[in-house]
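K.L.:
just coords:
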């Protein structure tokens, strides 16, 4: 395996450790209210991966989950409360929060749910009103 494409990540305290392998399906920023509340910040940096690319290597017993809806399962460390992932079974993808993978070169390509933003970001990236059409959204773009 080419280790250039394997990145190690962890929760805040390190009790849960994981790897991501290969390249994500997408990267960007989510501005929806749920992601803002979950991340305790004005925007959430996401990386979406095939579930087979995400492997918990230590501390699986510390992972706790919460389902606000059937569309997502949010996961965090029971020891420190550090957020780890969100499983999105309807898309067949796992959101690994960009900040939890320090060696990964985050290169965002899009803003989603920009109609809900509380932090305008002028970076030249597409600003989608909600989600891309292929992910069940309108695909409509908004101005910066």
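P.N.:
On my side now, so go ahead. The model shown is predicted, which means the values in this text are computed figures rather than measured ones.
K.L.:
shaky segments in the protein?
P.N.:
1-4 (pLDDT under 70).
K.L.:
Strands along that one, start to end?
P.N.:
For the chain, the strands defined by DSSP state E cover 6-10, 17-21, 26-30, 44-49, 54-58, 63-69, 72-77, 83-88, 93-97, 110-112, 127-128, 141-142.
K.L.:
closest one to residue 134 among these?
P.N.:
Evaluated over the strands of the chain, closeness to residue 134 peaks at strand 26-30, with 10.4 Å, by C-beta to C-beta. Where you see a C-beta, it was placed from the backbone N, CA and C, and this is true even at glycine.
K.L.:
What residues sit buried inside that closest one?
P.N.:
26, 27, 28, 29, 30 (16 or more other C-beta atoms under 10 Å).
K.L.:
wait, what's in contact with the fourth one?
P.N.:
In other words, residue 29. For residue 29, the contacting residues are 43, 44, 45, 46, 108, 110, 111, 112, 121, 125, by C-beta atoms under 8 Å, 6 or more residues apart in numbering.
K.L.:
Narrow those residues to those that are buried.
P.N.:
Buried residues within these, defined by neighbour count using 16+ other C-beta under 10 Å: 43, 44, 45, 46, 108, 110, 111, 112, 121.
K.L.:
re the thing from before, can you list the contacts of residue 29 in a markdown table and add distance to residue 140?
P.N.:
As requested, the contacts of residue 29 are exported to a markdown table (distance: C-beta to C-beta, whole Å):
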| residue | distance to residue 140 |
| --- | --- |
| 43 | 19 |
| 44 | 20 |
| 45 | 22 |
| 46 | 20 |
| 108 | 19 |
| 110 | 13 |
| 111 | 12 |
| 112 | 11 |
| 121 | 18 |
| 125 | 15 |
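K.L.:
Among those, pick out the one closest to residue 66, please.
P.N.:
Checking the contacts of residue 29 against residue 66 with C-beta to C-beta, the nearest one is residue 44 at 15.4 Å.
K.L.:
Apart from its chain neighbours, what residue comes closest to the closest one?
P.N.:
Leaving aside its sequence neighbours, residue 44 sits nearest to residue 35 (C-beta to C-beta, 6 or more residues apart in numbering; 3.8 Å).
K.L.:
Distance of that neighbour relative to residue 45?
P.N.:
With distances taken as C-beta to C-beta, to the nearest Å, residue 35 is found 10 Å from residue 45.
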